[in-house]
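1. pasting the sequence and the predicted coordinates here, then a few questions.
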Protein chains: 2
Amino acid sequence: MVEKYDTVVIGAGPAGTAAASSLKAQGQKVAIVEEDLWGGTCPNRGCDPKKILYTAVEAKERADLLADQGLNTQNSINWADLMANKRAYTQQISPGTHKSLKNNGIETLTGHAHFVDPHTIKVGQQTIEAQNVVIATGLRPRMLDIKGKEFLQTSTDFLDLDEMPASITILGGGYVAFELAGIAASAGAKVTLIHHNNRPLKAFPEKLVKKLCDQLSENGVEIVFNQEITEIQKDTEGYRVIGNDFNRQTDAVFAAVGRIANVDQLGLDQIGVDYSTKGVKVNNHLQSDVSHIYAVGDSAASPAPKLTPAAGYEANYVVGQILGDRTEIEYPYIPTIVFSLPKMAQVGITVNQAREDIERYEVKTVDMKDWITYKRQHEKQVLVQLVIDQKQDKVVGASCLSMEADEMINYLALLIKHGYSAKEVSQTLFNYPTTASDIQYLY
Amino acid sequence: MVEKYDTVVIGAGPAGTAAASSLKAQGQKVAIVEEDLWGGTCPNRGCDPKKILYTAVEAKERADLLADQGLNTQNSINWADLMANKRAYTQQISPGTHKSLKNNGIETLTGHAHFVDPHTIKVGQQTIEAQNVVIATGLRPRMLDIKGKEFLQTSTDFLDLDEMPASITILGGGYVAFELAGIAASAGAKVTLIHHNNRPLKAFPEKLVKKLCDQLSENGVEIVFNQEITEIQKDTEGYRVIGNDFNRQTDAVFAAVGRIANVDQLGLDQIGVDYSTKGVKVNNHLQSDVSHIYAVGDSAASPAPKLTPAAGYEANYVVGQILGDRTEIEYPYIPTIVFSLPKMAQVGITVNQAREDIERYEVKTVDMKDWITYKRQHEKQVLVQLVIDQKQDKVVGASCLSMEADEMINYLALLIKHGYSAKEVSQTLFNYPTTASDIQYLY
């Protein structure tokens, strides 16, 4: 007998589990399919394990900045301990998530999902039927199609390294590349970061990216621009990374050259659902070409950045749609962040967008280096850029580079959302002195 | 000739300098009087130097929490370096503030101000006249009237210690006592904190205070409750602290037993302005008994807590009043914080207030210890209490104990101000994973 469900969710990451749990809580009969780790990328091999590693790195860097400034300090990352810590966290995620879904009365199916027809899905030998389907299958690292590509490792491998190699090479110029570079350098590796052009992290303002590169370089990361890598060779010592005018020995090579959606093996072609490497093509209701098949989170080619909070937001939205709401999706401000050293984050209208409409937007650059928050921490590279809508005379976007960038941009996300004026900021009182209380000096 | 001013400000701390600068910018003829350090308590001997010392202490404690958890770490506070850092900051405050006021065209008078009549003030040999007066003279540490009180030091002395003594005793149970205790213990001193009853930090929830005391005790601070100290003796080794059933040797004794307003030497009695140790009695316009004499910040007996952000807020308010506004003052949410180890902060309706109206308020206690933010940092004591207005079904107050309490309460201040519901919190996206992104799990 073919079991019938109100909704089948494919993929049990943050988006899929949120949608499944919420629909179940609303009384639906729900199944969820996962072929890999329950919980998905974020807690198993993404944000959470990355942040666990980053925690020790951040503590080390903050202490190191105070050497001879009030702290007698000697710190080094103990990778084995740190990895044990990370694994203690990640190892309970998949079984824990699976159990929790089952306890909530959601049918869980382990295996690869494949559409038989728009309402019928095969998972291994099992066939199920769904009135609605939510595709939430996430992304996987894109692999480079070069000679010796089999020697490339990914961020997944990095986040589970038993030992930190003495030297590593990272190919890529996105946030993953810059996060891994910071962690590895702090953990003692000689890091080379290679990018095919000279404008990494291109969604972020050039000024901030340059300062981030400067700081990573000062911390020992060698950044190589405009270098197309064409081959990886294995040799007796490790690996050799070869480009047109590049040839270097390294202990390990990691490709962090983007991610592609896990939607190419679902049988979508047969049922008329369009997709690309960016995910399932969706409309303003997050519906695919087949109206009862939705896509959310990383596997949806929606305008939202591929981030856990956005995935959760889309999942909640689709739950509403399935339950009868017909409102088009509107996105809130979604901050983005690079947990490098220092951190870089932004929210709202970006500096890049502002540069394209200089009639409307003004960009205000503020070097906060001499502010007490940064002086007391002896931070070396700190910069904020605010985007001001000149007609409204309001801050509508912000980018920040500093060890406090995560929190500063979170505050600014709220202030921008509520359209705070300088006067309103000055009348909003925060704990003093903190990153938040500094914001009045920005406005 | 007696110089006449639109406004004379007495006291050049954060409140006084803000009021003077703002009135000057609005076209007034302004004089400001200071008898001690220009800039006042906060940057010279309060929040800012405290935070400079706390920065090294916080970095050390965060690293120490990760010992055997991913960080090989050896840290100790180098008090001499730290003090040099602090002094490099504080030494430029008074001359810098003085110069900046003069550069802004404000008349600066150095000396003690004394009212001759409601419009006439004597500063040393100089007599000036004012249409309006703003009293912003701040607070000073209250001294204990006990035998040997001349051996007591204050927070001012602590923040300028050349060396950290091997053992110190702190008398008091307020935020200053708990901040000094944390810093001194982390800097290697054997600290004894003595409070006359068993309910220190009484504005904060008992549960959180108990956990803070537990953590300080675990870090080596000896906390002695219900002990009235009656005498300090100097002996060959240092000092002896004596109570009814207490007698202990120590290297230094600091009294942190509250602060009293610097308004008793201004000649207010002669001109009919009422005041107490809590400051000048003010109405809802921050006017004293004499309508053109205002008081702001720490020296005003207003309902606001004695904090720098509140002082700035009151100063801006009084500027408006002087310039013709007649609105009564309304205070925004004002977060308060204890920078101890860990930090403890709160905002909005307090747990204590909620306990007095259990029909209206519910208190929700959340132990965040197992959340990834706290697990990854290996924090030992973390707790939040939310106050929920049951009629509105909204969070209206929060208290937090953790190393992230400063930021968490800042976020909650904004969310509470805007009356966020749980749904609205879940639809507000923050950088993940951060203290802010955790807040959805609280609501």
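-> Yep, it's here. The shown structure was predicted, so the numbers you read here are calculated from the model rather than taken from an experiment.
2. and chain A, what are its domains?
-> A:3-140+A:260-322, A:149-257, A:342-442 (automatic domain parsing).
3. contacts only, for the closest residue to A:Ile77 other than its chain neighbours.
-> Nearest non-adjacent residue to A:Ile77, counting by Cβ to Cβ, 6 or more residues apart in numbering or on different chains: A:Ala187, 4.1 Å away. For the C-beta atoms, the positions are set from N, CA and C on the backbone; glycine is no exception. By Cβ atoms under 8 Å, 6 or more residues apart in numbering or on different chains, A:Ala187 lies in contact with A:Val57, A:Ile77, A:Trp79, A:Leu82, A:Met164.
4. and A:Thr428, by the same measure?
-> Listed by Cβ under 8 Å, 6+ apart, the contact set of A:Thr428 reads A:Leu415, A:Tyr420, B:Pro332, B:Ala413, B:Leu414, B:Lys417.
5. and the closest residue to the last one other than its chain neighbours, which helix or strand is it part of?
-> By the measure of Cβ to Cβ, 6+ apart, the closest residue to B:Lys417 outside its immediate chain neighbours is B:Tyr333, 5.5 Å from it. B:Tyr333 is located outside every helix and strand, with elements delineated by DSSP states H and E.
6. need the pLDDT of the residue nearest to the spatial centre of chain A.
-> In chain A, the residue lying closest to the centroid (Cα atoms, centre = their mean) is A:Leu307, at 4.9 Å. pLDDT recorded at A:Leu307 is 97.
7. that one contacts B:Tyr432, correct?
-> Yes: A:Leu307 is within contact range of B:Tyr432, at 6.7 Å (criterion: Cβ atoms under 8 Å).
8. quick one on the thing from earlier: residues near the residue nearest to B:Lys417, how many?
-> Burial of B:Tyr333 is recorded as 18 neighbouring residues (other Cβ atoms under 10 Å in any protein chain shown).
9. show me what the helix or strand hosting A:Val134 is packed up against.
-> Per DSSP H and E: A:Val134 is located in strand A:126-135. Here strand A:126-135 touches strand A:3-10, helix A:14-25, strand A:120-123, strand A:293-295, helix A:308-322, going by 3 or more Cβ pairs under 8 Å, 6 or more residues apart in numbering or on different chains; DSSP states H and E.
10. ok and it relative to strand A:3-10, angle-wise?
-> Comparing the axes of strand A:126-135 and strand A:3-10 via axes from the mean of the first three to the mean of the last three Cα atoms, to 10 degrees yields an angle of 40 degrees.
11. what pairs with strand A:126-135, parallel or antiparallel?
-> strand A:3-10 (parallel), strand A:120-123 (antiparallel), strand A:293-295 (parallel) (DSSP bridges).
12. after that strand, which helix or strand is next?
-> Strand A:126-135 is succeeded, C-terminally, by strand A:139-141 (DSSP H and E).
13. show me what that next one is packed up against.
-> Applying 3+ Cβ pairs under 8 Å, 6+ apart, we find strand A:139-141 packed against strand A:259-261.
14. now what about the strand it packs on, what contacts it?
-> A:137-142, A:275-280, A:298-299, A:301, A:306.
15. got it, and stretch A:434-443?
-> Identification of contacts with stretch A:434-443 by Cβ under 8 Å, 6+ apart yields A:366, A:368, A:371, A:373, A:384, A:386, A:395, A:404, A:407-408, A:411-412, A:415, A:420-422, A:425-426, A:429-431, B:309, B:406-407, B:410.
16. what mean pLDDT does that stretch get?
-> Across stretch A:434-443, pLDDT averages out at 96.
17. pLDDT at A:Leu144, what is it?
-> We have a pLDDT of 95 for A:Leu144.
18. ok, the closest residue to it other than its chain neighbours - contacts?
-> Excluding the flanking residues, the one nearest A:Leu144 by Cβ to Cβ, 6+ apart is A:Ala255, at 5.3 Å. Shown in contact with A:Ala255 (Cβ under 8 Å, 6+ apart): A:Pro141, A:Arg142, A:Met143, A:Leu144, A:Leu152, A:Gln153, A:Thr154, A:Leu171, A:Gly172.
19. neighbours around the second one, how many?
-> Around A:Arg142 there are 15 other residues, counting by other Cβ under 10 Å.
20. okay, now the closest residue to it other than its chain neighbours: neighbour count?
-> Nearest non-adjacent residue to A:Arg142, counting by Cβ to Cβ, 6+ apart: A:Gly258, 4.4 Å away. Neighbourhood size, A:Gly258 [other Cβ under 10 Å]: 16.
21. and A:Gly258, what pLDDT?
-> pLDDT, A:Gly258: 96.
22. ok, it - contacts?
-> By Cβ under 8 Å, 6+ apart, the neighbours of A:Gly258 are A:Pro141, A:Arg142, A:Gly172, A:Gly174.
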